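Trainee: no sequence on this one, just coordinates:
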């Protein structure tokens, strides 16, 4: 364990690099399909419930962005785990973010949800813009409280 590191680390970029290195020292090994989402977001949690209810394979694992596993995956994808820019979906070794995450998440659920892939026809700048508008205002859609995770959700949570 590194003690008193803050006294030697002065710049924010250096602190971020040290935090990344420390995360990798104890990084868990993650295999299989995983969805990393904002555990504090009601809209994100509802989408997770939808995916679990429609996951015919039962292979999808979950991690909140606030967990150690979630933070490691954010760093692996070159994203700052504290910024919460997007959720992350990894399926068969391929990573999806932004609106493509949503469409691939629906496609993961099988037919008729696979039809959502038609949104891949949008130019990337347009799909990213749409996703950002929704993501940046997601707290406005949070009406009510987050329900307790089901036993199936708990069984799929990595940490």
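Mentor: It's in. Please read these numbers as outputs of a predicted model, since none were measured by experiment.

Trainee: Now for residue 94, how many residues are close by?
Mentor: Neighbourhood size, residue 94 [other CB atoms under 10 Å]: 10. No exception for glycine: its C-beta is placed from N, CA and C like everyone else's.

Trainee: From residue 108, how far off is it?
Mentor: Between residue 94 and residue 108 the computed distance is 11 Å (CB to CB, to the nearest Å).

Trainee: my read is residue 63 is in a strand, agree?
Mentor: Yes: Residue 63: assigned to a strand according to DSSP: H, G, I helix; E, B strand; the rest coil.

Trainee: Which residues does it form beta bridges with?
Mentor: Per DSSP bridges, the residues bridged to residue 63 are residue 36.

Trainee: tally of neighbours for it?
Mentor: 25.

Trainee: you'd agree it is up against residue 73?
Mentor: Yes: between residue 63 and residue 73 there is a contact under CB atoms under 8 Å: 6.8 Å.

Trainee: And stretch 81-95, what's buried?
Mentor: By 16 or more other CB atoms under 10 Å, the buried positions in stretch 81-95 come out as 81, 84-91, 95.

Trainee: ditto for stretch 36-54
Mentor: 36-39, 41-45, 47-48, 51-52.

Trainee: okay, those residues in JSON lines with pLDDT and secondary structure next?
Mentor: JSON lines is the format used below for these (pLDDT from 0 to 100; DSSP: H, G, I helix; E, B strand; the rest coil):
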{"residue": "36", "pLDDT": "89", "secondary structure": "strand"}
{"residue": "37", "pLDDT": "85", "secondary structure": "strand"}
{"residue": "38", "pLDDT": "80", "secondary structure": "coil"}
{"residue": "39", "pLDDT": "78", "secondary structure": "coil"}
{"residue": "41", "pLDDT": "75", "secondary structure": "coil"}
{"residue": "42", "pLDDT": "75", "secondary structure": "helix"}
{"residue": "43", "pLDDT": "78", "secondary structure": "helix"}
{"residue": "44", "pLDDT": "79", "secondary structure": "helix"}
{"residue": "45", "pLDDT": "79", "secondary structure": "helix"}
{"residue": "47", "pLDDT": "83", "secondary structure": "helix"}
{"residue": "48", "pLDDT": "83", "secondary structure": "helix"}
{"residue": "51", "pLDDT": "84", "secondary structure": "helix"}
{"residue": "52", "pLDDT": "84", "secondary structure": "helix"}
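
Trainee: Tell me the one among these nearest to residue 137.
Mentor: residue 43 (9.9 Å; CB to CB).
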